[in-house]
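[1] Sequence and computational prediction follow.
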Amino acid sequence: MGIVNLTPDSFSDGGRFEQLDQAVARAVQLIDEGADLIDVGAESTRPGAVTVPDTEEAARLLPFLSALRDARVPVSVDTRKPAVMRRVLDAGASMINDVAGFASVDARVAVAGSDCAVCAMHMQGEPATMQRDPAYGDVVAEVATFLRQRADALFGAGVARDRVVLDPGFGFGKGFDHNLALLRRLDTIVDLGFPVLVGLSRKGMIGTITGKPVAERLVGSVAAALVAVESGASIVRVHDVAATVDALRVWSAVRHDPA
Ligand code: HH2
């Protein structure tokens, strides 16, 4: 899954069309590099990020979706807002990636009426404050229980089981040790029986391990993606598609020798 951001600061000061062109070009590049899925977001979920109004978020996303309508790969939209979910589904989005894990009934109802895939992610707290002092008893057990409950809630709203993807939400209300424990015990999440999505690309955990700033986290991110896939992840959400695809091809050739 290749990441495309539509979250430029310059959106309101005339940069909209230029930014849209750049985002579409970026998506095409990631597809050419081997992405099987594009994830586009128009509201930053970084720690401390501010929220974007529904109408502005949709206004950023709809032209992007229309430009990618004939793309070879499905497009996932990273949004927490039911109103935005409805609008992007009408515009051809194939997946809704909700970092709030479809916590609201409204969000579940918004996706239930379509046949899109849904990614329910675990987050403790809210983006603005989630990294202040994240605390767990047993992070792996708590995240697994939460995800299982979210899957059940989605079923309750009428979402079929084969549409559901789960994500432990690396960096979302988690300290370094929590993230590491979740990656070490990813099998516990995989054992829930759903495809698991993992997003570690360029995140703080990679920076803590390597001591590198965001711009120098490619190799560490590829290593983390490999570990995740080796541990059973079905989808890795990454910025650096070409490098990750190379690594996964080598891994796959070794692990899936048909002979
Ligand atoms: N991480 C970010 C945003 N959306 N969605 C899912 N399902 N899983 C994730 O781990 C995830 C996500 C945040 O990533 P960040 O590096 O802060 O920003 P971005 O990757 O959008 O540039």
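    Perfect, I can see it now.
[2] so what's the closest residue to the ligand within the chain closest to, chain neighbours aside?
    Closest approach of the chain to the ligand (CB to the nearest ligand atom) occurs at residue 199, with a separation of 2.3 Å. Where C-beta positions appear, they are placed from N, C-alpha and C, glycine not excepted. Nearest residue to residue 199 in three dimensions, chain neighbours excluded: residue 237, at 3.8 Å (CB to CB, 6 or more residues apart in numbering).
[3] Run a quick neighbour tally on the residue of the chain closest to the ligand.
    Look at residue 199: counted by other CB atoms under 10 Å, it has 29 neighbours.
[4] do the same with residue 119
    Residue 119: 27 neighbours (other CB under 10 Å).
[5] ok, now which ones touch the nearest residue to residue 248 once chain neighbours are set aside?
    Ranked by CB to CB, 6+ apart and with sequence neighbours excluded, the top spatial neighbour of residue 248 is residue 229, at 6.2 Å. Taking CB atoms under 8 Å, 6 or more residues apart in numbering, we find residue 229 in contact with 236, 248, 251.
[6] Of those, which ones also sit close to the ligand?
    Among the contacts of residue 229, not one lies near the ligand by CB under 6 Å from any ligand atom.
[7] Going through these, which ones are buried?
    236, 248 (16 or more other CB atoms under 10 Å).
[8] Kindly reformat the contacts of residue 229 as TSV containing pLDDT.
    Formatted as TSV, the contacts of residue 229 follow (pLDDT from 0 to 100):
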residue	pLDDT
236	98
248	98
251	96
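[9] which one of the contacts of residue 229 is nearest residue 81?
    Residue 81 has its nearest neighbour among the contacts of residue 229 in residue 236, at 25.1 Å by CB to CB.
[10] pLDDT score for residue 96?
    Listed pLDDT for residue 96 reads 98.
[11] swap in residue 128?
    80.
[12] Let's verify it: helix, strand, or coil?
    What DSSP: H, G, I helix; E, B strand; the rest coil gives for residue 128 is coil.
[13] Does it touch residue 46 like I think?
    No: with contact defined as CB atoms under 8 Å, residue 128 does not count as touching residue 46 (9.9 Å).
[14] quick one, which of the two is more surrounded?
    Using other CB under 10 Å, the more surrounded residue of residue 128 and residue 46 is residue 128, with 14 against 11.
[15] How about the residues of the protein by the ligand?
    Contact residues (CB under 6 Å from any ligand atom) of the chain with the ligand: 3, 5, 41, 45-46, 78, 97, 99, 119, 121, 167, 169-170, 197, 199, 202-203, 237.
[16] what about the strands in the stretch 101-250 of the chain?
    For the stretch 101-250 of the chain, the strands defined by DSSP state E, counting those that start in this stretch occupy 117-121, 164-167, 197-198, 235-236.
[17] Which one of these lies nearest to residue 60?
    Smallest distance to residue 60 across the strands of the stretch 101-250 of the chain (CB to CB): 19.7 Å, for strand 117-121.
[18] Put the alpha carbons of the closest one into CSV.
    The C-alpha trace of strand 117-121 is given here as CSV (Å, rounded to 0.1, in the frame of the first residue of the first chain):
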residue,chain,number,x,y,z
ALA,A,117,-13.0,-3.1,2.3
VAL,A,118,-12.6,-1.6,5.7
CYS,A,119,-9.5,-1.2,7.8
ALA,A,120,-10.1,-0.8,11.5
MET,A,121,-7.1,0.5,13.3
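[19] contact partners of that strand?
    74, 76, 94-102, 111, 147, 150-151, 154, 159, 163-169, 172, 197.
[20] In terms of pLDDT, where does the spatially closest residue to residue 7 that is not a sequence neighbour sit?
    In space, residue 7 comes closest to residue 44 once its chain neighbours are excluded; the distance is 4.7 Å by CB to CB, 6+ apart. Note on residue 44: pLDDT of 85.
[21] how about the residue nearest to residue 40 when sequence neighbours are not counted, phi and psi?
    Once flanking residues are discounted, residue 40 sits nearest to residue 4: 4.6 Å by CB to CB, 6+ apart. Per-residue torsions, residue 4: phi -130, psi 130 (degrees, to the nearest 10).
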